[in-house]
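Asks: I'll drop the sequence and a predicted model, then ask my questions.
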Amino acid sequence: MSSDIARAAVQYHYDVGNAFYDLWLDDTRTYSCALRDGPDDTLEAAQERKLAFHLDAIGADRAASVLDIGCGWGSVLERLALTHRVPRSVGLTLSEEQASFVAARGHPGVEARVQDWRDHQPDGAYDGIVSIGAFEHFARPDDTVAEKVARYREFFLRCRDWLTPDGTLSLQTIAYANMSRDDASGFMQREVFPHADLPTLSEIAAAAEGVFEIRSVHNGRLDYAWTCEQWARRLRARRAEATALVGPDTVARYERYLKLSALGFRMGKIGLLRLVMAPYRDGFFR
């Protein structure tokens, strides 16, 4: 997928307007799967736990420089700056609205760039790379499996080269599970995430072979079903305000997308993978 196509697809979904997302995301402004802990958990606490998982995975307390690929509204970047005191954090997004929001926050050492990962030229090596919810946008529905794996491998090769010898990649992505690409919802591919296709775990493993060791993998599909249900409930509660902001058609599209997503995760059609990965260097782990 070209950078222009990827940017247009991401902006279609994420540039609906920050005020719209404010109505139904929690205060962390995190638009990805939370990490739930028990039936009495709150959405915000579960999101904080998810962020902590990824930051712990890359050793943020010891890091001098971190890259966030698909940084959203900067929840990871904010915690890198304020909680872990990381001197330099770079976030990549294809959404102008998200980048402007991060820049306006003015957190020390944080830079948000409207930039595709394929165009990224780092100023120095990173101690850790976090990527949450971006991997789903790397492949197109008409790619062959070989083309998908090649694109994912390019991503892993770049991440390996950007990391310090002891660096770590913490990756979170939705993936096909008990469903083939041919069975995917046309509504989702056409009206929610155009020009995007999910990976499978086997495609990720094939792409990472000889480049990254997968040190841990966890399927949090029930976490994501719960997260989507929480978002849907919050959006319904503020439907009138949302309609005034973006119109009834957009609100209806999002409500349908959240309902279908929650159902897909509950049924095991799609999964949510959290992978912690360490790079090979010259055939060895460092």
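Replies: That came through, no problem. Numbering: from 1, shown residues only.
Asks: direction included, what does whichever helix or strand Leu272 is part of pair against?
Replies: Using DSSP states H and E, Leu272 sits within strand 270-281. Next to strand 270-281 in the sheet, as set by DSSP bridges, lie strand 163-176 (antiparallel), strand 212-219 (antiparallel), strand 284-285 (antiparallel).
Asks: how far is that strand from where the chain is centred?
Replies: Centre-to-centre, strand 270-281 and its host chain are 13 Å apart (C-alpha atoms, centre = their mean, to the nearest Å).
Asks: and if you look at stretch 139-146?
Replies: How far stretch 139-146 lies from its chain's middle: 19 Å, per C-alpha atoms, centre = their mean.
Asks: what's the answer for stretch 237-250, then?
Replies: How far stretch 237-250 lies from its chain's middle: 25 Å, per C-alpha atoms, centre = their mean.
Asks: kindly check the end-to-end length of that stretch for me.
Replies: Taking C-alpha to C-alpha, to the nearest Å, stretch 237-250 runs 16 Å from one end to the other.
Asks: buried ones in it, by neighbour count?
Replies: By neighbour count on 16 or more other C-beta atoms under 10 Å, the buried set for stretch 237-250 is 238, 241-242, 245-246. To be clear about C-beta, it is placed using only N, CA and C from the backbone, and glycine gets the same treatment.
Asks: now stretch 143-153
Replies: For stretch 143-153, a neighbour-count test (16+ other C-beta under 10 Å) marks 143, 148-149, 151-153 as buried.
Asks: contacts for that stretch next, please.
Replies: Contact partners of stretch 143-153, identified using C-beta atoms under 8 Å, 6 or more residues apart in numbering, comprise 1, 135, 138-139, 197, 199, 203-204, 206-208, 211.
Asks: if you set the cut-off to 7 Å instead, what comes out?
Replies: Outside of stretch 143-153, the residues within contact range by C-beta atoms under 7 Å, 6 or more residues apart in numbering are 138-139, 197, 199, 203-204, 206-207, 211.
Asks: give me the mean pLDDT for stretch 257-275.
Replies: Across stretch 257-275, pLDDT averages out at 94.
Asks: and that stretch, how far from the chain's centre?
Replies: Relative to its chain's centre, stretch 257-275 lies at 14 Å (C-alpha atoms, centre = their mean).
Asks: give me the buried positions along it.
Replies: Result for stretch 257-275 [16+ other C-beta under 10 Å]: buried residues 257-258, 260-262, 264-266, 269-275.
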